[in-house]
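Asks: Structure here, sequence nowhere to be found:
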């Protein structure tokens, strides 16, 4: 049958990225406590398309995923990108894998356990060199230092979210990144809390007030001291409880 994709295109324009988006697929992620964790990811896969090709072969992206079955992880990310380049005759390949990651977390006083969900993304590209970025979304709780200072009693607090991206030299545990973020907040968030636990986290937040500026600076301070991290971005957003807007702060750092 005739291959339309290989026909010549006369507009003389390269395409930077072309491929497939939104593939739902089971993957395996390393779990520090359990060894491995099975989850379901949303996957985007792209290659570049030179000006002399009319189109790319979309089915080949899915074929590559199927050949790796559930064995898609940080460990074989570069291998999949290399296969994409070869099979699609491309100079560059890109893949994004976004998935829910679950951690069993005990309440701080009663020890009641529940699963916390964290959104994670692996973003990789292969061109003249390889590049891999880990991104995590971590829910946090913050208490306003200004509110605490000016109020006779109490202070307003709110949930927030930290979005952290890193480049690194050697393997990094997702759990370690999450814990680093949670320890930088007024308090971390739990899926199950009894009354004794609620008292604890409320008082913990009150004793650790923090602006969004404090959150991003504290995380950046810790990452600056880690020689394994070569680049990072950290952004913190408060879903304000008494304002009709969100508070936001962002830091980016190239360490090497």
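Replies: Happy to help now that I have it. The structure presented is a predicted model; accordingly, all values stated were derived computationally and were not measured.

Asks: neighbouring contacts of the worst-scoring helix or strand of the chain on mean pLDDT?
Replies: In the chain, the helix or strand scored least confidently by mean pLDDT, DSSP states H and E is helix 58-68, which has a mean of 88. Applying Cβ atoms under 8 Å, 6 or more residues apart in numbering, the contact partners of helix 58-68 are 19-20, 23, 25, 43, 45, 72, 76, 80, 83-84, 87-88. (C-beta placed from N, C-alpha, C; glycine too.)

Asks: Scan those and report the most crowded one.
Replies: Within the contacts of helix 58-68, residue 45 tops the neighbour count with 25 neighbours, counted by other Cβ atoms under 10 Å.

Asks: In contact with that one, which residues?
Replies: Contact analysis of residue 45 by Cβ under 8 Å, 6+ apart lists 19, 20, 23, 61, 64, 65, 84, 93, 94, 95.

Asks: Any regions of the chain where pLDDT drops low?
Replies: 1-10, 53-55, 70 (pLDDT under 70).

Asks: what about the longest strand in it?
Replies: With secondary structure taken from DSSP state E, the chain has its longest strand at strand 15-31.

Asks: Which residue ranges of the stretch 101-250 of the chain form strands?
Replies: 113-126, 130-143, 157-168, 187-188, 229-238, 247-254 (DSSP state E, counting those that start in this stretch).

Asks: Tell me which residues of the first one come out buried.
Replies: To tie it back to what came earlier, the one meant is strand 113-126. By 16 or more other Cβ atoms under 10 Å, the buried positions in strand 113-126 come out as 116, 118, 120, 121, 122, 123, 124, 125, 126.

Asks: Contacts made by it with the rest, please.
Replies: Counting by Cβ under 8 Å, 6+ apart, 29, 74, 77-78, 81-82, 84-85, 92-107, 130-139, 174, 178, 189-192 sit against strand 113-126.

Asks: Whichever of those residues end up buried, select them in ChimeraX.
Replies: Those of those that count as buried under 16+ other Cβ under 10 Å are selected in ChimeraX with:
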select :29,74,77,78,81,84,85,92,93,94,95,96,97,98,99,101,103,105,107,132,133,134,135,136,137,138,139,174,178,189,190
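
Asks: Residue 155 and residue 195, how far apart?
Replies: Separation of residue 155 from residue 195 (Cβ to Cβ, to the nearest Å) stands at 21 Å.

Asks: Which one of the two is surrounded by more residues?
Replies: residue 155 (17 against 9).
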